[in-house]
Every structure is written in structure tokens, then in C-alpha cells.
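>>> Have a look at this prediction, sequence included:
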Amino acid sequence: MSSSTWKFSELKFPKPDLRAYEDLSRDVVGRIEEAKDGGEVLDIFFEYNELLRRINDILEVSFIHHTMDTTNEMYDNEQRWVDENMPLFTKLNLDFAEAVYRSPFRSEIEEKLGSMYFTKMDIKKKTFSEENIPLRQRASELCDEYQKIIASCEIEIKGEKKNFLTLQRLLTNEDREVRKAAFKGFSGFLSSNEERLERIWDELIKVRTQIGKNLGYDNFVPVGYLERGRIDYGPEEVARFRKQVEEEIVPLCSKIYEAQAKRLGLDEIKVYDELVAFPDGNAKPAGDEEYMLDQLIQMLRETSNETNEFIDFMLDHGLIDCEIRPNKAATEYSTFIASHKAPFLFSFFDGSAKGVKTLTGEMGHAFATYRSSRRQLIDAYYVSTADIMEIHVMAMNELSNRFADRLFGDDAEKYIFYNYHDLITFIPFGVAVDEFQHICYENPDLTPKERTNEWHKLEQKYMPWRKYDDEDEFMNRGGYWYNKHHIFHFPMYYIEYDLATINALELMNHYNERQTTAWQDYLELTDMGGSRRYLEILEHANITPAYEDGAVANAISHVKGILENYHQ
């Protein structure tokens, strides 16, 4: 058990005095410039790092509160203050980092901190410009407006009001009429807000394009890659990966959905049938939400001493919010409160197969940062890039397969099949999102309707099985993408999910070959955090970069056999 008794709900962080913070930052920069040796610079570095932790805690806790209740005016004001002042914090942090970077004692500093600190610093320098401060502030405002629109969703299905995420969860319901009604509500909500969503996305494209131009680029794509920490690969490698998905996974998914249509007794699969693999529905939970959550907790307790320690910490300090309630932001995430070395897990848990998969994935994020923060010297190394962090997600999700009997009883085999089905069929959607973002940012003058049509064409390319009801004009011309908050909030994100899925599948193959060392390999991945480059981490874990020729076919070989040979 954790020794301290603090709770997240009790954390209080007063807003920092911005003028005092600016003065202190300038003083620290001056002290670094006047330092007599590397040891003195390092002492100042760690002193300033403590201040940064407190500032970052304010930013993170404000964000968490805001997502807990998007209608709370106090939290709304807190988040607005954060959005307005974030660029200032970024500038002051860069000034500090620049002083460290220019220090004549850099070699001594690098010996202590590692080279990745300076690599990350280079990225920040390449993506920051004071000229962009008001543009980034505007982008934050637009993203918040999008989040509030999505959070306002309230659709009645069979007498019960559903928010945006719970509406999507109904797409796994065994009753086709319920699924159809849920998708109609989902589509209708987006369609009714189309003009507002078009305006937000159009302005975001223009704002981010100008950010890119102010940094010396033709468009935002290079900035997006840098901000995602992609220093070992670029658009060319990602395009090669998308091509492998088109050639290897799209045909497999088409076969999967053909077989699924036969199992469901349908002439063809509609979009609201895609997530239901069996005539009587997907795997049924062995109990209610409380029971299922308790079983997931027990799963972590029994898996290893490391996961038991982790879940004790999370529960002791109230760091999990998985309740379904009105006005909670329609998003799921894991974030981090640095001064307490505390992950925070935010989810909507309904006990379903989809809910189990999502929650265990977020636990993968949280477990990784819990481990790395206790082993890495500086905060900058607590979190790796998303293409690595998502491997932790997929690996932790695989753990739920090994506890399927307890979670889903007689439906355990159905859950495992569903899990692999969901894993593989998601990949084409992920590459479609990536190519869509490339198209939008590389062609910023497209009209909103032209962008939507581009999504329609990408669905035909990567998801040729996808069919909408004839009367759903909005979806048939390409409206589906508006539901993905990642596209708005995290530019050039999403391909990481696919790259990590392929890497996790390769790890799964390794597990089948050498089970005794698999868990230790996983722990080593989490413990490295962001202390090494992407390719170094993959090499350390004997994982092939997913964009290399043949990597996709090799990684999916085991799961492909399971999916193609499954009959029910």
C-alpha cells in the first residue's frame, strides 16, 4: 500500500504568479550562463525542474477537472486560463532549455542526463515561435469548442438518454434495431452540427498552416511530425506503411466481414454491424460494471508484483475516473501529475467487451508512466512518443485475453476473437485518418465539403466493406470522420495506434515463442520511458519497425490464421 494518504480530489494548486514566474525563469537563465562548472548547471537544472513540475501539475489538474465536467464554469475558466498562458510557459521553458543547450559544460550535462534531453530540446526549438503564440491560443479555443459540442450530445434510445460515447458503445448491442437507432442518432447529431464542425476544422487548418509557415515550412505537416516526436522516420516511411496495410490487411478485413455477414445472416454488413461478431452479440460480461471493474483490478493484482503495486497506488489516491455521467468529456485518456509521480486514468466503463478493451488499454498507458517515473532521472523521460506508448496499451490489452474466463465466463473465446477482430479491423481506419490529415494539411485551400469528400474516397480505398443506409446522406458523402476528436486535438496523431499495433502483434508472436521472458521484455519497455530514440527502443526489444518491407505481413501472421479459421 502507498504510505501517503493524499487523494486526487483533495489536490489544490493555486494559479502561479506569472510575473514572479517570469522573473524566476530569467534569474535561472542568468545563473546558468554564469555557472562555473557542469555540476553547478545540473544543480540549477534540478531546482528549476521542481518548479516545472508544480506548473505542469496545475496544467494537468485543470485539464482533468475540465474533462470531468465540461459545464462547470469554474473548471471552464481554469482551462481557459491554462490555454491562454500555455504558450508563455512554453517560451519560458525554451529560454531555460536554450541556456542549458548553450552551456560550455554540455558534455558533462549530457553524460548525466543522456542525449535524448538535447534531442527533445531541438524539437521544441524547431516548433516554437513567439509569433505563433496567439495562433496556438486560438487553436486551443477551437479544440475546446469542438469538445463542448461533442459533450453536449444527448440522444434518447429506448427511453434512456445517451451521450456520445455511450451511443457509440450501443453499436456493439446484439439487437440490430438498437444498433441502427444508435448510429442514426450518432449520425444525426454530427449532421445537425455540421456547419459548426466545418467552421472549426476549416479555421484549425488555416491556423495550423500559418503556424507551419511562421516556422519556415510550406505547411503544417513537418511541424506535426516534429511535435509527435518523429525523428527516426517521416512521411515517406509512413506512406510505405499505409501501402502495406492496403495490400495485406484490407483484403484480410474484407474476408473477415464477409464471414461475419454469413454468421449474422445478413446479405451485407452495414456500418452499425461492423462491431458485432456473433448473432447473439459479442461476449457477455460475467457480471455488472462493479463486478467487471473488480475483476480487472484482480487481474492486475495477480499478474505480477509490479502491476499489484501499481493498482494499489491508483486506488489509494483516487486516480481512476471511469464513471459514466452527463457532461463528462467524450474522451478517454491517461495523463500524469508529475510532482506526485501519479498517473490519472479517465474513461467510460460499462463492463462491455469494448469497455474492457478500452480501460485495459488506458491502464497500459498509466502503468508505463508509473514505472518510468520511478526509474528515469528527469520528467522529460517519463513518457515516450505515442508510437511506443501505444505498444504498452496493446500489450496490456493482450493481458485481458488471458483472464477472459473470469471476465466473460462461457463467452471467453468470443471475447478473445472479438479482441483480435477489433485490433485488425481498426488498422485500415487508422491509416485512413492519417492520410486524411496529410491531405487536409497539404491542401489547406480545400473547401469543407471537398475535405469531407476526400474522407469518402479514403473509406472506399481502405474500408471498401463499409456501407451506410441509403437515406443517410451525411455519412454517404463522408461525414463519419467528424467524430474523431484526435483529428481536431492532436494533429498528425493516430498512425501511432497502427504502428504500435503491428509492433505489439510481433511482441505477441515473441511471447508464443519464449513465454518466460515476455513479461520482463514488457517491463523493460515501460522502464525506458522516453530516454531513448524510437528505433533504439524497438531494437532493444527485438521489434521490427512497422514500415519496413514485410513487417506487416510477418506481424499479423499468427492472428491472421486465428481470424481466417474461426467459424461459429
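Thanks, I have the structure now.
>>> Run through the residues that contact N397.
By C-beta atoms under 8 Å, 6 or more residues apart in numbering, the residues touching N397 are 357, 360-361, 364, 419. In this view, the C-beta of every residue, glycine as well, is placed from N, C-alpha and C.
>>> Surely it forms part of a helix?
Yes - counting by DSSP: H, G, I helix; E, B strand; the rest coil, N397 falls inside a helix.
>>> from what I can see L215 touches K125, true?
No - contact criterion C-beta atoms under 8 Å: L215 and K125 do not qualify, at 10.2 Å.
>>> Tell me which of those two has more neighbours.
The residue with more neighbours, out of L215 and K125, is L215; 17 against 14, by other C-beta atoms under 10 Å.
>>> Relative to P235, how far out is the more buried one?
17 Å (C-beta to C-beta, to the nearest Å).
>>> Including pLDDT, distance to D23 and neighbour count, could the contacts of N397 go into a markdown table?
Compiled in a markdown table, the contacts of N397 are given as follows (pLDDT from 0 to 100; distance: C-beta to C-beta, whole Å; neighbours: other C-beta atoms under 10 Å):
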| residue | pLDDT | distance to D23 | neighbour count |
| --- | --- | --- | --- |
| K357 | 87 | 49 | 18 |
| T360 | 92 | 46 | 26 |
| G361 | 89 | 43 | 22 |
| G364 | 92 | 41 | 24 |
| N419 | 87 | 54 | 23 |
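>>> Now do F13, the pLDDT please.
Note for F13: predicted pLDDT of 73.
>>> can you put the contacts of N397 in a markdown table and add distance to F278 and secondary structure?
Formatted as a markdown table, the contacts of N397 follow (distance: C-beta to C-beta, whole Å; DSSP: H, G, I helix; E, B strand; the rest coil):
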| residue | distance to F278 | secondary structure |
| --- | --- | --- |
| K357 | 16 | helix |
| T360 | 21 | helix |
| G361 | 22 | helix |
| G364 | 26 | helix |
| N419 | 13 | helix |
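>>> now, the most widely separated pair of the residues you listed?
G364 and N419 (13.7 Å; C-beta to C-beta).
>>> how about low-confidence regions in the protein?
In the predicted model, the chain carries pLDDT under 70 at residues 1-3, 514-516, 566-568.
>>> with the contacts of N397 in mind, which one is nearest to R477?
Using C-beta to C-beta, the contacts of N397 come closest to R477 at K357, 30.5 Å.
>>> Strands of this structure, start to end?
Along the chain, counting by DSSP state E, strands occupy 155-157, 160-162, 320-321, 333-337, 342-346.
>>> Could you dump those strands into CSV with mean neighbour count and distance to G30 added?
Below are those laid out as CSV (neighbours: other C-beta atoms under 10 Å; distance: least, C-beta to C-beta, whole Å):
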stretch, mean neighbour count, distance to G30
strand 155-157, 15, 57
strand 160-162, 14, 57
strand 320-321, 20, 42
strand 333-337, 20, 30
strand 342-346, 23, 33
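>>> Of these, give the one that comes closest to K484.
Closest approach to K484 among the strands of the chain (C-beta to C-beta): strand 333-337, 14.1 Å.
>>> Packing partners of that closest one?
helix 38-68, strand 342-346, helix 353-373 (3 or more C-beta pairs under 8 Å, 6 or more residues apart in numbering; DSSP states H and E).
>>> Let's see that with 10 Å instead.
helix 38-68, strand 342-346, helix 353-373, helix 386-402 (3 or more C-beta pairs under 10 Å, 6 or more residues apart in numbering; DSSP states H and E).
>>> Can you show me the CA trace of it as PDB?
Backbone C-alpha positions of strand 333-337 (Å, rounded to 0.1, in the frame of the first residue of the first chain) are rendered in PDB as follows:
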ATOM      1  CA  TYR A 333      -7.100   9.100 -21.700                       C
ATOM      2  CA  SER A 334      -4.300   8.600 -19.200                       C
ATOM      3  CA  THR A 335      -2.300  11.700 -18.100                       C
ATOM      4  CA  PHE A 336       0.300  12.400 -15.400                       C
ATOM      5  CA  ILE A 337       0.700  14.500 -12.300                       C
END
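>>> re earlier: can you put the helices and strands packed on strand 333-337 in CSV and add distance to R169?
Output for those, formatted as CSV (distance: least, C-beta to C-beta, whole Å):
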stretch, distance to R169
helix 38-68, 18
strand 342-346, 16
helix 353-373, 6
helix 386-402, 17
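>>> so which of the ones you listed is the most packed in?
A comparison of the helices and strands packed on strand 333-337 by mean neighbour count, using mean count of other C-beta atoms under 10 Å, puts helix 353-373 on top with a mean of 24.
>>> okay, that one in PDB with CA atoms only?
What follows is helix 353-373 as a C-alpha-only set of coordinates in PDB (Å, rounded to 0.1, in the frame of the first residue of the first chain):
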ATOM      1  CA  ALA A 353     -16.200  -6.200 -24.100                       C
ATOM      2  CA  LYS A 354     -15.400  -2.800 -25.700                       C
ATOM      3  CA  GLY A 355     -15.300  -1.200 -22.300                       C
ATOM      4  CA  VAL A 356     -12.800  -3.800 -21.000                       C
ATOM      5  CA  LYS A 357     -10.600  -3.400 -24.100                       C
ATOM      6  CA  THR A 358     -10.500   0.400 -23.700                       C
ATOM      7  CA  LEU A 359     -10.000   0.500 -20.000                       C
ATOM      8  CA  THR A 360      -7.200  -2.000 -20.100                       C
ATOM      9  CA  GLY A 361      -5.500   0.000 -22.800                       C
ATOM     10  CA  GLU A 362      -5.600   3.100 -20.700                       C
ATOM     11  CA  MET A 363      -4.200   1.100 -17.800                       C
ATOM     12  CA  GLY A 364      -1.300   0.200 -20.200                       C
ATOM     13  CA  HIS A 365      -0.600   4.000 -20.500                       C
ATOM     14  CA  ALA A 366      -0.800   4.600 -16.800                       C
ATOM     15  CA  PHE A 367       1.300   1.600 -15.900                       C
ATOM     16  CA  ALA A 368       4.100   2.600 -18.300                       C
ATOM     17  CA  THR A 369       4.300   6.100 -16.800                       C
ATOM     18  CA  TYR A 370       4.100   4.800 -13.300                       C
ATOM     19  CA  ARG A 371       7.100   2.600 -14.000                       C
ATOM     20  CA  SER A 372       9.200   5.000 -15.900                       C
ATOM     21  CA  SER A 373       8.700   7.900 -13.500                       C
END
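>>> Pretty sure E471 sits against S191.
No - counting by C-beta atoms under 10 Å, E471 does not reach S191; the two are 11.7 Å apart.
>>> Between the two, point out the one with more neighbours.
S191 (16 against 8).
>>> tell me the contacts of that one?
197, 472-475, 479, 482 (C-beta atoms under 10 Å, 6 or more residues apart in numbering).
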